[in-house]
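**Q** the following block contains a protein sequence and its predicted model.
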Amino acid sequence: MSAVGTSGAVLEWLSHRQGEMLQLLEAAVNIDSGSADKAGTDRLGELFSSFLEGHGIATNRHRLERYGDCLSAEVPAASSANAGHILLLGHMDTVFPAGTASRRPFCIADGVARGPGVADMKAGLVMNAFVARAFAEVGGNTHPVRLFFTADEEVASPASRSLTIEMARGAKAVFNAEPGRPTGNVVTGRKGAFFINFEVHGVAAHSGVNPEKGASAIDALARKVVELHQVADLKVGISSNVGTIKGGMSVNTVADHAQAQLDVRFPGTVDREALRARILEIIERDSTPRTCACITHEGIFLPLDSSEDGNRLLEKYRVCAASLNMTVKGEYTGGSADSGLTASVGAPTLCATGPVGGDVHTDREWCRVETIVPRSQVLALTILDL
Ligand SMILES: [Zn+2]
């Protein structure tokens, strides 16, 4: 088949798949898969592996202990293989706890699909799976098309990080199927982030009888929060937010325990090791006598910086979108994602290629149904063009 014939056949194949895509999306959304819910994310992995295996695409399960297993699959190149594979990346975990899907299951009204994780990013996973299937059935891809699904992205990918890097190494292009922006744009730049949980320990005492015997963990934590917020420098793009705090036992006890969760975002231009050292110093310093603090969890997202390779990939994607009458641009966002990891090993990376959606991480999350097939077609066309 000629190149034009091939792309026509792949586009045609995808154009008939909206019903099947929505079926798979419904099944995926109705499986709870919060990052902490290994059983749930593993069930979702099984849904996708049985879908792919059922269509003749062999899958590989990468077993992990604490978080959900990762899933990979590869559709070999139809013709003599060119250097480098295409990586279609996505995460199966959501920010929602078990029970959310039964409380507000998948539904569609007025062309908008809803349900936990529908846009972030189960619609993107469905799109990736169908694009792989299109090449498995129609052929025409001159590069191997590899799928990789992780299950801990929402907590900064502690377990899947090295696997994602391995999957991206040597890739001709990486497409991360985070939701397309409400404008239809994709993402070419993202901030990096530190997610750090920490605890402060003090000494308990009766706050009326012998307060001098106590050392307040809450007092020490509060001082650290003020200092941690001062790390922010919006002029250079650094933000800092302690998003949760907990501590103490009763109103009349000097608190012997307190804990907090910190999220610091930074652009690629910032010296991140220096920034990290400053944060750790504030947390670990003994700010008040007889208290001590320790870090209980540390996650990092790498920033996605604009690069020449990334810009070239965007340009190809943009031209393919235009040929299907869609206008797409690249955007910068403060949100972080695994695309920073893949770009860090030099793989040209485009992010937010998934179907268009928004209000992610809330119960208002939505995904525009009519974008599912066209976004798959742009992705397929771009792959054929590489
Ligand atoms: Zn996401």
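**A** Now that the structure is in, tell me what you want to look at. Since the model is a prediction, treat every value here as computed from it, not as a measurement.
**Q** list the buried residues for stretch 327-341?
**A** Neighbour counts over stretch 327-341 (16 or more other C-beta atoms under 10 Å) mark Val328, Gly330, Glu331, Thr333, Gly335, Ser336, Ala337, Asp338, Ser339, Gly340, Leu341 as buried. No exception for glycine: its C-beta is placed from N, CA and C like everyone else's.
**Q** of those, which belong to helices?
**A** For these, the ones inside helices are Ser339, Gly340, Leu341, with DSSP state H as the criterion.
**Q** I figured the second one hits Phe301, correct?
**A** Put plainly, it is Gly340. Yes: counting by C-beta atoms under 8 Å, Gly340 sits close enough to Phe301 to count as a contact (5.5 Å).
**Q** next one: Lys246 from Ala258, what distance?
**A** 7 Å (C-beta to C-beta, to the nearest Å).
**Q** same question for Gly56.
**A** 55 Å.
**Q** and the residue in the stretch 201-350 of the chain positioned nearest to the ion, what's its pLDDT?
**A** When scored by C-beta to the ion, the stretch 201-350 of the chain has Ala337 as its residue closest to the ion, at 6.0 Å. On the pLDDT scale, Ala337 is placed at 93.
**Q** go through stretch 178-192 and flag the buried ones.
**A** Those would be 178-181, 184-192, for stretch 178-192 by 16+ other C-beta under 10 Å.
**Q** do stretch 162-178 as well
**A** Neighbour-count burial for stretch 162-178, counted by 16+ other C-beta under 10 Å, picks out 163-165, 167-168, 171-178.
**Q** mind listing what the residue in the stretch 151-300 of the chain that the ion sits nearest to touches?
**A** Using C-beta to the ion, the single residue of the stretch 151-300 of the chain nearest to the ion is Glu178, 4.8 Å away. Contacts for Glu178 (C-beta atoms under 8 Å, 6 or more residues apart in numbering) come out as Gly90, Asp120, Met121, Gly124, Val187, Ala337, Ser339, Cys351, Ala352, Thr353, Gly354.
**Q** how close does it sit to Leu280?
**A** Glu178 is 29 Å from Leu280, where distance means C-beta to C-beta.
**Q** over to Phe266?
**A** For Phe266, the distance to Leu280 equals 15 Å [C-beta to C-beta].
**Q** and those two? Which one has more around it.
**A** Phe266 (26 against 15; other C-beta atoms under 10 Å).
**Q** surely the more buried one meets Ala232?
**A** No: the criterion here is C-beta under 8 Å, and Phe266 misses it with Ala232 at 9.9 Å.
**Q** now do the shared contacts for those two.
**A** Joint contacts of Phe266 and Ala232 (C-beta under 8 Å, 6+ apart) are Ile238.
**Q** shared neighbours, Gly340 and Phe301?
**A** With C-beta under 8 Å, 6+ apart as the test, Gly340 and Phe301 both reach Arg190, Gly192.
**Q** dump the residue contacts of the closest residue to the ion within the stretch 1-150 of the chain.
**A** When scored by C-beta to the ion, the stretch 1-150 of the chain has Asp120 as its residue closest to the ion, at 4.1 Å. Shown in contact with Asp120 (C-beta under 8 Å, 6+ apart): Thr94, Glu178, Pro179, Gly357, Val360, His361, Glu365.
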